[in-house]
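*Asks:* sequence plus predicted model, see below.
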Amino acid sequence: KQNNSMKTINLKQVEHQAKIGKDCPYIEPNVKEDCLLELDGEIIGFYIKDVSKYSEKLKALITIANKEFRSKNVHKTPMDRSNVLAIQQANPGMTRSEARALGTSQMSAILGSIPPKPQFKRNYPTISSVHKNEKSQTFIKAMWAACLECEKIIKEITPHIYERQVELFKDVKKEWKFGTLYTGSISNFNISAPFHRDTGNIVGTVNTILTKRNNANGGCLNVPDYNVTFEQADNSMLVYPAWKNVHGVTPIKPISKDGYRNSLIFYPLKAFKGI
């Protein structure tokens, strides 16, 4: 059984030109309200426009996590996919840091378990280095608590998805879990991802995407297979099987100097099954 009070969107396969690695164009969202996502008679995920409808606690935790992420307490990896390089090239002698200050800031931070990376001569899993920083503990605790709140909502709305993910996590050791249904989390600030598929995820699982935004358009998840683009409004929650389809994130367009979009994502990596 699942929550029957929400609208159901029946996903249907369509033709499209999206290819892995190509930038996702700006597309206006066409999914803007609470809904269940149905494919071939099965509910595979859902979208909630405002999590406070289900959990005021989760809304507060998202706010805390977003504030901490944007502070100096959390080490972030700067990303230069936006106009930073163009600004630097147009101003000879300008440093990367100076260009970032003028351009659209793009940053990310990973929490939880990091899989083995043989290409970097590291054949063993580890935990994100962010956990070692004492100043990051408020951020980590808020994200962990938010993950657990999300799991409660998944169990309430789509118990069959929750139960399947619990079953698929039976051979994942506690030390590699983030929450109980995930192995890690990534926060992507102002990052619009090219088309890709999360092939590293456990088949049959779902990702959870929480969103904080302020004075910005775009940054919406587009799934071209079904011609759906999720609004990902401020304080929204999207539960989706990211391993199943090619998807991308539309460009983020701040409409004021303080404009941004931050996505807080929980994901389940198959690299941690049975190790």
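*Replies:* Received, thanks. All values derive from a computational prediction rather than experimental measurement.

*Asks:* now do the strand or helix carrying residue 163: which elements does it pack against?
*Replies:* Residue 163 belongs to helix 159-168 when elements are defined using DSSP states H and E. Judged by 3 or more CB pairs under 8 Å, 6 or more residues apart in numbering; DSSP states H and E, helix 159-168 is in contact with strand 42-48, helix 137-157. C-beta here means a position set from N, CA and C on the backbone, and glycine is covered the same way.

*Asks:* the last one packs against which elements?
*Replies:* It refers to helix 137-157. Secondary-structure packing of helix 137-157 (3+ CB pairs under 8 Å, 6+ apart): helix 56-70, helix 159-168, strand 184-189, strand 207-214, strand 236-240, strand 260-267.

*Asks:* circling back to that earlier point, adding distance to residue 63, write the helices and strands packed on helix 159-168 out as JSON lines.
*Replies:* Formatted as JSON lines, these follow (distance: least, CB to CB, whole Å):
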{"stretch": "strand 42-48", "distance to residue 63": "16"}
{"stretch": "helix 137-157", "distance to residue 63": "9"}
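
*Asks:* let's see the helix holding residue 163 as CSV, backbone CA atoms only.
*Replies:* Extracted C-alpha coordinates of helix 159-168, given in CSV (Å, rounded to 0.1, in the frame of the first residue of the first chain):
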residue,chain,number,x,y,z
PRO,A,159,6.1,1.6,2.4
HIS,A,160,6.9,-0.9,-0.4
ILE,A,161,9.9,1.3,-1.5
TYR,A,162,11.1,1.6,2.1
GLU,A,163,10.8,-2.2,2.7
ARG,A,164,12.6,-3.0,-0.5
GLN,A,165,15.5,-0.7,0.3
VAL,A,166,15.8,-2.2,3.8
GLU,A,167,16.0,-5.6,2.2
LEU,A,168,18.6,-4.5,-0.3
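
*Asks:* picking that back up, looking at the helices and strands packed on helix 159-168, which is closest to residue 170?
*Replies:* Nearest of the helices and strands packed on helix 159-168 to residue 170, taken as CB to CB: helix 137-157 at 15.5 Å.

*Asks:* buried sites along that closest one?
*Replies:* 138-140, 142-147, 149-151, 153-155, 157 (16 or more other CB atoms under 10 Å).

*Asks:* ditto for stretch 247-255
*Replies:* The neighbour-count check on stretch 247-255 (16+ other CB under 10 Å) flags 247-252, 254 as buried.

*Asks:* now, which of those sits nearest residue 43?
*Replies:* The nearest member of the buried residues of stretch 247-255 to residue 43, counting by CB to CB, is residue 247 at 18.3 Å.

*Asks:* what bridges to the closest residue to the closest one other than its chain neighbours?
*Replies:* Nearest residue to residue 247, sequence neighbours excluded (CB to CB, 6 or more residues apart in numbering): residue 223, at 4.8 Å. According to DSSP bridges, the residues that bridge with residue 223 are residue 228.

*Asks:* show me the contacts for residue 223.
*Replies:* 229-230, 240, 245-247 (CB atoms under 8 Å, 6 or more residues apart in numbering).

*Asks:* report the two of those residues separated the most.
*Replies:* Across the contacts of residue 223 (CB to CB), the longest gap, 14.7 Å, separates 230 and 246.

*Asks:* thank you kindly, that will do.
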